[in-house]
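# coords below, sequence missing:
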Ligand code: NDP
């Protein structure tokens, strides 16, 4: 049976590279997006990967969306929780809306998406779950208290879920990218961006495909002994110990 992979935020940036990589290995892939219909249509046209539109922060939408994907493609065996947003600002000026939006999309989505899929994985006694955290969940970042809190939460979620599901042959791992050349980083002011690049020892931003290759490894049968891990890929910008 063909493996089915579901990638949230799979139509742009890092998620699109992950979706392409998983497809190139012979899987059927579903890419989830939220608002940018044009980008999703272009991605679908270029890759042949089916796209589905829902909000990963909406529990009901996730349950219904996953049911639709599984009806159309089959049971999901690889889940990549990649969708994420930033709403930056210093904490003493941060609004409740900025906080809620980031926590909902980046952390609530770990519950909504994984809860909709994991019972099936447990019944079938196989699964690969890969959660995209961030360098800023490891080290913290000025202007990103909300984002850093959510991404640190992703790491705790990963470690606990890995322990609960190891005996069912389900691995759960997190990847912490450093600064990657996507729309999210393009949205940062040029002088800030230049400062970021200057702080990366390898002297450049990462490429989405450099994250996708790591996700492909974690999704593969060869990674069966790798669970609860936090893989840091940041060009040497922050040397983390877990
Ligand atoms: P992009 O902004 O380039 O793409 C985000 C993707 O997520 C889009 O497909 C978007 O859909 C989708 N998305 C956003 N919100 C929702 C939602 N509520 N429901 C469903 N889909 C949603 O992001 P990146 O590729 O840069 O980032 C991907 C992940 O990597 C994120 O979790 C991010 O936090 C993390 N990360 C990124 C880094 C970077 O330097 N770029 C560094 C470290 C971590 P749509 O197109 O419809 O908006």
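Received it, and whenever you're ready, just let me know what you need. From a predicted model like this one, the values you see are computed outputs, not experimental measurements.
# in stretch 93-106, what counts as buried?
94, 98-99, 101-106 (16 or more other CB atoms under 10 Å). C-beta here means a position set from N, CA and C on the backbone, and glycine is covered the same way.
# that should have said stretch 72-87, apologies.
Buried, per 16+ other CB under 10 Å, within stretch 72-87: 73, 75-87.
# nearest spatial neighbour of residue 202, skipping sequence neighbours?
Spatial nearest neighbour of residue 202, chain neighbours left out: residue 235 (3.8 Å); criterion: CB to CB, 6 or more residues apart in numbering.
# my hunch is that the one you found is in a strand, does that hold up?
No - using DSSP: H, G, I helix; E, B strand; the rest coil, the secondary structure at residue 235 is coil, not a strand.
# so it touches residue 199, yeah?
No - using CB atoms under 8 Å, residue 235 and residue 199 do not qualify as a contacting pair, with a distance of 9.5 Å.
# when the two are compared, which one has more neighbours?
residue 235 (20 against 13; other CB atoms under 10 Å).
# ok, now which ones touch the more buried one?
If you count contacts by CB atoms under 8 Å, 6 or more residues apart in numbering, residue 235 has them with 178-179, 200-206.
# and of those residues, the nearest to the ligand?
For the contacts of residue 235, the minimum distance to the ligand (CB to the nearest ligand atom) is 4.4 Å, reached by residue 179.
# okay, now that closest one: neighbour count?
If you count neighbours by other CB under 10 Å, residue 179 ends up with 22.
# briefly note if the lengthiest strand in the chain comes near the ligand.
In the chain, with assignment by DSSP state E, the single longest strand is strand 170-177. Yes - contact of strand 170-177 with the ligand (CB under 6 Å from any ligand atom) involves residue 177.
# ok, then the element right after that strand?
Once strand 170-177 ends, the next helix or strand along the chain (criterion: DSSP states H and E) is helix 183-186.
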